[in-house]
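Student: Give me coordinates for this.
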Amino acid sequence: MKKPDFFIVGAPKCGTTALNAYLTQHPEIFLPKKKELHYFGADLVFSRPKMTEPMYMAHFSEANGEKRVGEAAVWYLYSKQAATEIKEFNSATRIIVMLRNPVEMMYALHAQRLFNDNEDIFDFAEALAAEEERKQGWRLYKNAANIMGFFYRDAATYTPQIQRYLQVFGEDSVHVIIFDDFTNNTPQVYRDTCEFLRVDPHFLPEFSIINANKSVRSKTLRGFLRYPSPRTLAVLRTLIPTQPRHKLKDGLKRFNRKYEPRRPMDPELRRHLKAEFLPEVERLSALLRRDLTHWCR
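Tutor: Residues are numbered from 1 along each chain as shown. This is a model prediction of the structure:
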């Protein structure tokens, strides 16, 4: 079985879900149905058990001669170990990084974690203020699927993360996409990405809106779907066959999801965060040889 030879490594809330969906449509590319496998990154802490290599490779069993086989997992960029592990797994790998204004990324990540029931501090400023306590093991939400997402500032400090991948893979094997470019001219960014992956750049997929901001209609229903009691689960398994039961669950999840614009960030908090992140964005600009300081002006 052909090993994955390209990875969309993050960052969170920077367009990786959309790019994954668009690349999946390309006839010369295979991506597994499940995103966020997170097989690599031994330093990442998830609530689920780590999969074995055979379990991981099983996700690519349906590949059928495509030129490129890849996967997307946003916390690979954050990990201090994933780059080296991926290189050892397949030295011919190519890396795609997606970056967004760090202030906007943190705000979007907080909203996404609230939607997924991975965060219990609803006020964004309060969640930022709790970061140091959380690094000491305090105020960690028991339902969270991962620990890293609590550390919003660390996730948005891109420069050292990208430096790790450049050092391990070299500039020619790392392709950085800026979210602004991706949203403003999606077809061109897609073509550039195809050229980087050395697949047909003339194929254009359907560019629909993917992973827009959303919230839940009912937290009670979300809790029931995510954490059914053993007794309830046993009854459902007895009464409803597996496939219809999964369809019912998916339908209830869709019903409980509503799309709406994200509430604007507090202007004073935005100004504070822009000033805080300006030195980091200046370092990133120097690394990428592209001025991104408008993000923080």
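
Student: Please enumerate the strands of this protein.
Tutor: 6-8, 29-30, 68-72, 94-99, 174-178, 214-216, 257-259 (DSSP state E).

Student: quick one: terminal-to-terminal distance for stretch 49-65?
Tutor: 31 Å (Cα to Cα, to the nearest Å).

Student: my bad, should have said stretch 285-297
Tutor: 14 Å.

Student: Leaving out the residues flanking it, which one is nearest to the residue nearest the centre of the chain?
Tutor: For the chain, the residue nearest the mean C-alpha position is Val74 (3.3 Å; Cα atoms, centre = their mean). Closest residue in space to Val74, ignoring its immediate chain neighbours: Gly10 at 3.8 Å, by Cβ to Cβ, 6 or more residues apart in numbering. Heads up, the C-betas are built off the backbone N, CA and C, glycines and all.

Student: Distance of Glu126 relative to Glu119?
Tutor: According to Cβ to Cβ, to the nearest Å, Glu126 stands 11 Å off from Glu119.

Student: Mind checking which of the two has more residues around it?
Tutor: Each of Glu126 and Glu119 has its neighbours counted (other Cβ atoms under 10 Å); Glu119 has more, 21 against 10.

Student: about what we covered before: residues near the residue nearest to Val74, how many?
Tutor: 24.

Student: Let me know the pLDDT of it.
Tutor: Per-residue confidence (pLDDT) for Gly10: 91.

Student: if we can go back for a sec, among the strands of the chain, which is nearest His110?
Tutor: strand 214-216 (12.4 Å; Cβ to Cβ).

Student: What residue spans form the domains of the protein?
Tutor: Per automatic domain parsing, the domain ranges recorded for the chain read 6-211+265-296, 214-259.

Student: Count residues in the vicinity of Pro27, would you?
Tutor: Pro27, neighbours per other Cβ under 10 Å, totals 10.

Student: Distance of it relative to Arg68?
Tutor: Distance of Pro27 to Arg68, computed by Cβ to Cβ: 11 Å.

Student: again, but for Ala145
Tutor: 28 Å.

Student: OK, contacts around Ser79?
Tutor: 40-41, 43-44 (Cβ atoms under 8 Å, 6 or more residues apart in numbering).

Student: same deal with Asn116?
Tutor: Asn116 touches Ala145, counting by Cβ under 8 Å, 6+ apart.

Student: Verify the stated contact: Pro4 with Gly70.
Tutor: Yes. Between Pro4 and Gly70 there is a contact under Cβ atoms under 8 Å: 5.3 Å.
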